[in-house]
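Visitor: okay, predicted coordinates and the sequence, questions at the end:
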Amino acid sequence: MTILDSALQCARNNQEAHLEELQRFLAIPSISTLTAHKPDVEHAARWLADQLKSMDIDNVEVMPTGGHPIVYGEWLRAEGKPVVLVYGHYDVQPADPLDEWETPPFEPTVRGDELYARGVADMKGQIFALLKAVGALHQQGPLPVNLKFLIEGEEEVGSPHLGEFIDAHREKLDCDAVLNCDAGILTPEQPSITYALRGLAYFELEVRGPSKDLHSGLFGGVVHNPAQALCELLAGMHDDQGRVTLPGFYDKVRDLGDEERAVLAQDPTTDQDWLQNTGAPALWGEAGYTATERVGARPTLDVNGLISGFTGEGSKTVLPAKALAKISMRLVADQNSADVHQQLLAYLRKNAPKTITWEVRELVHGDGAIMNRNAPAIRVAAEALEAVFGAAPVFKREGGSIPVVALLQQKLGVDTVMLGFSLPTSGIHGPNEKLHLPCFFRGIETYIRFLTGIAHHKP
């Protein structure tokens, strides 16, 4: 029996034990955004460090940052083999609203084929599956490939200290490829690999008019209502074809060629699926592109929130002194937040009336990334998925943002393999987050195949 076969059998024999151990990990409420849970975040970091030490991983450290710690470890005894940097995060989102959970978020509960808990899909279950794959291989002898682990505790708050950590430990993190376990697949029967991610630029736009709220009867028609002015500015940010009108917004956007459009067309998600998943009465977006193309390969501008005037029960005839909008832009590869910030300012300078004043505040930013679909590590991941799931993976662009992918691409000069097993129905960040257990166990086997397969490629 080969090392691969022995490791796969080991994983299958220990499924019940793996599930029980995962539940203990999930019970740690490692909520990074809430200071009251700082001890829990540190507990989760130590728990992971102990896991790495139990698998004979060298130089395991819980390394401090300006916020929550990073767990690091390495196994560099596979001479002449590639070095794979494993990225993950152990922090989770808050569990609110608690009254919408059917079972307590930090009391992991199995119902049918699903395991329910906060962080189970995003992403404790995923990084745990990778650790169990490494553990199964470790039990068969020396690991077939060199590994480094970078597991952070601040992903859910935007990874504010990760960039400086990478800069400070550039040599320690040197690698041939990155394996990011914070990913998903389309369905339990149809695996997928994400090869591109959109970036994010997030702003507040505040519009001011009179110095205080006014009576709309006494002053309506005399001063420009800031809420109306803001809505007019926001409406003008798209044309009737769904395109963003900020000057220069599309200058760096890569055109989709016929070959890539054919790849994206293999995604089985239909317009009806989009409608069913969203509950919207009809689809909307930039003309000339499919829904799948618009989500992953085209940039967007969205209003995420509007605040102005009286919003309580009943009526109050107020002309508000100010209005505020929260605006996010999802950016494709080559776009950057600094450019779109200037484009937003240019749009406002041109279109904002003299009857109001305005201010833009940047809150969050992160670059998008695109990877080579034919890179050796991605091909190995595709072969591993097909062997385990019995279906070739669909290659897809992801509409969301994982800033660490672009960060590692820029700072380490390496691409990332996005290989994880959450589902669109996992409910990440929401109540009753869940992980499909058959996908979890298949995930362990896929990681085993990936780690043994990548060992045969030259570093």
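Guide: Arrived safely. Numbers count the residues shown, from 1 in each chain.

Visitor: spatially central residue for this protein, please.
Guide: I402 (4.0 Å; Cα atoms, centre = their mean).

Visitor: distance of the closest residue in space to it that isn't next to it in sequence from G399?
Guide: Excluding the flanking residues, the one nearest I402 by Cβ to Cβ, 6 or more residues apart in numbering is L197, at 5.3 Å. For the C-beta atoms, the positions are set from N, CA and C on the backbone; glycine is no exception. Between L197 and G399 the distance is 8 Å, computed by Cβ to Cβ, to the nearest Å.

Visitor: which one's more surrounded, these two?
Guide: Between L197 and G399, counted using other Cβ atoms under 10 Å, L197 has the larger neighbour count: 31 against 18.

Visitor: that one touches V404, doesn't it?
Guide: No - contact criterion Cβ atoms under 8 Å: L197 and V404 do not qualify, at 9.7 Å.

Visitor: burial count for D50?
Guide: Neighbour count of D50, defined by other Cβ under 10 Å: 11.

Visitor: next one: it from K354, what distance?
Guide: In this structure, D50 and K354 are separated by 63 Å, where distance is defined by Cβ to Cβ.

Visitor: please apply the same query to T103.
Guide: Distance, T103 to K354, using Cβ to Cβ: 57 Å.

Visitor: of these two, who's got more company?
Guide: Neighbours around T103 and K354, counted as other Cβ under 10 Å, are more numerous at T103. The numbers are 13 against 6.

Visitor: need phi/psi at the residue nearest to the more buried one when sequence neighbours are not counted.
Guide: Spatially, and ignoring its direct neighbours in sequence, T103 is nearest to T109 (4.2 Å; Cβ to Cβ, 6+ apart). Summarising the backbone geometry of T109 under the convention degrees, to the nearest 10, its torsions are phi -130, psi 130.

Visitor: beta partners for T109?
Guide: Here T109 shows beta-bridge partners Y116, assigned using DSSP bridges.

Visitor: I'd assumed R118 was in contact with it.
Guide: No - counting by Cβ under 8 Å, no contact exists between T109 and R118, whose distance comes to 11.5 Å.

Visitor: and the two? Which one has more around it.
Guide: In terms of neighbours (other Cβ under 10 Å), R118 is the more surrounded of T109 and R118; the figures are 26 against 17.

Visitor: against F106, how distant is that one?
Guide: 6 Å.

Visitor: hey, what's in contact with both of those two?
Guide: Listed as contacting both R118 and F106 by Cβ atoms under 8 Å, 6 or more residues apart in numbering are 26, 29, 95.

Visitor: closest one of those to A381?
Guide: L26 (25.6 Å; Cβ to Cβ).

Visitor: from memory the closest one sits against F106, does it?
Guide: Yes - applying Cβ under 8 Å as the test, L26 and F106 come out as touching, 7.1 Å apart.

Visitor: which residues do the two both contact?
Guide: Common neighbours of L26 and F106 are listed as 117-118 (criterion: Cβ under 8 Å, 6+ apart).

Visitor: as a quick check, tell me the outermost residue of the chain.
Guide: Furthest out from the centre of the chain (Cα atoms, centre = their mean) sits L218, at 49.6 Å.

Visitor: am I right that that one is in a helix?
Guide: Yes - applying DSSP: H, G, I helix; E, B strand; the rest coil, one finds L218 inside a helix.

Visitor: ok, now which ones touch Y250?
Guide: 243-244, 299.

Visitor: out of the residues you listed, which is most surrounded?
Guide: Comparing the contacts of Y250 on neighbour count, P299 comes out first with 23 neighbours (neighbours: other Cβ under 10 Å).

Visitor: next, give phi and psi for I448.
Guide: Backbone geometry at I448, expressed as degrees, to the nearest 10, gives phi -60, psi -50.

Visitor: what about it, how many neighbours?
Guide: Neighbours of I448 using other Cβ under 10 Å come to 30.

Visitor: so who does it touch?
Guide: Applying Cβ under 8 Å, 6+ apart, one finds that I448 lies in contact with 4, 7-8, 11, 133, 136-137.

Visitor: tell me the domain boundaries of this protein?
Guide: In the assignment given by automatic domain parsing, the structural domains of the chain cover 3-197+368-454, 203-253+299-363.

Visitor: these: which one's closest to L275?
Guide: Ranking these by their distance to L275 (criterion: Cβ to Cβ) puts domain 3-197+368-454 first, at 13.9 Å.
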